[in-house]
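In: Give me a model of this one.
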Amino acid sequence: MNKYRFYDQEPSVSQAVELLLVLPQEMQSIIADGISLIAEQEFRANELMKELKSLGTEKVLAVYKSKQKKRAYDKNHAVHRAINYLMVLSDNNRLWISKRIVGLMAYLQDYLKTCRLYSAPPTQQSVDALTTVYVKFGPDEVKSYLKAVEAEFISQGRQKSVSQGHMVEVIMDEGIGLRIRRDQK
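Out: Predicted structure coming up:
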């Protein structure tokens, strides 16, 4: 692990970034836009980016280097902006927002489990809606949203599916992000 990256200095921030980066590109963009919105609403990150001089030479240099788009995730504009916002935040604010990111990812995981349980394909629209609800209204409203998604699946006549023999579940792991766990039935 490269300890020179700002987000690898703190395990919870590293976990949040790694969780974002393991998603498919389409989901990365949606989640990154949500992260950016949180950073803008809570910490005026867009204003910090305009006032780079006040951040110190190390952060200014890092933002300048990021504009060269040499990192794989820099090619996705939304992810590039979200990572830069994380970088310009103070350590305390970065920790706070990383906990929000991990929370959002947990609800995304719940949505994907529900889709799998009802044999329904996940949609970008639903991921976008889930992200918007989480950012604007918080965890309690996301729980209501997920219940509404499940109710919609039921109203469509979908039945809960139970796999034969094994149950495969994607779980969050504090140290490494997402991993697969296979339980015998």
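
In: Now the longest helix along the chain: average pLDDT?
Out: Identified as the longest helix of the chain according to DSSP state H is helix 91-117. Throughout helix 91-117, pLDDT has a mean value of 94.

In: repeat for stretch 131-151
Out: Averaging pLDDT along stretch 131-151 gives 96.

In: quick one on the thing from earlier: after the longest helix of the chain, heading C-terminal, what element do we hit next?
Out: Counting by DSSP states H and E, the element after helix 91-117 in chain order, helix or strand, is helix 124-137.

In: so what does that following helix touch, helix or strand wise?
Out: Judged by 3 or more Cβ pairs under 8 Å, 6 or more residues apart in numbering; DSSP states H and E, the packing partners of helix 124-137 are helix 25-43, helix 91-117, helix 139-155. From N, CA and C alone the C-beta is placed, and that goes for glycine too.

In: Give me the angle between that helix and helix 91-117.
Out: 140 degrees (axes from the mean of the first three to the mean of the last three Cα atoms, to 10 degrees).

In: Other residues contacting helix 124-137?
Out: The contact list for helix 124-137 (Cβ atoms under 8 Å, 6 or more residues apart in numbering) reads 26-27, 30-31, 33-34, 37-38, 41, 103-104, 107-108, 111, 141-142, 145-146, 149.

In: Next, the buried residues of it.
Out: Residues of helix 124-137 classed as buried: S126, V127, D128, A129, L130, T131, T132, V133, Y134, V135 (neighbour count, 16 or more other Cβ atoms under 10 Å).

In: closest to S155 among those residues?
Out: Using Cβ to Cβ, S126 comes nearest to S155 of those, at 15.0 Å.

In: Tell me how far the closest one lies from M27.
Out: S126 sits 11 Å away from M27 when distances are taken as Cβ to Cβ, to the nearest Å.

In: for A16, same thing?
Out: 15 Å.

In: Between those two, tell me which one has more neighbours.
Out: A16 (26 against 18; other Cβ atoms under 10 Å).

In: Just want the angle from the helix or strand harbouring the more buried one to helix 25-43.
Out: Counting by DSSP H and E, the element that carries A16 is helix 11-21. Helix 11-21 and helix 25-43 are oriented at 140 degrees to each other (the same axes, to 10 degrees).
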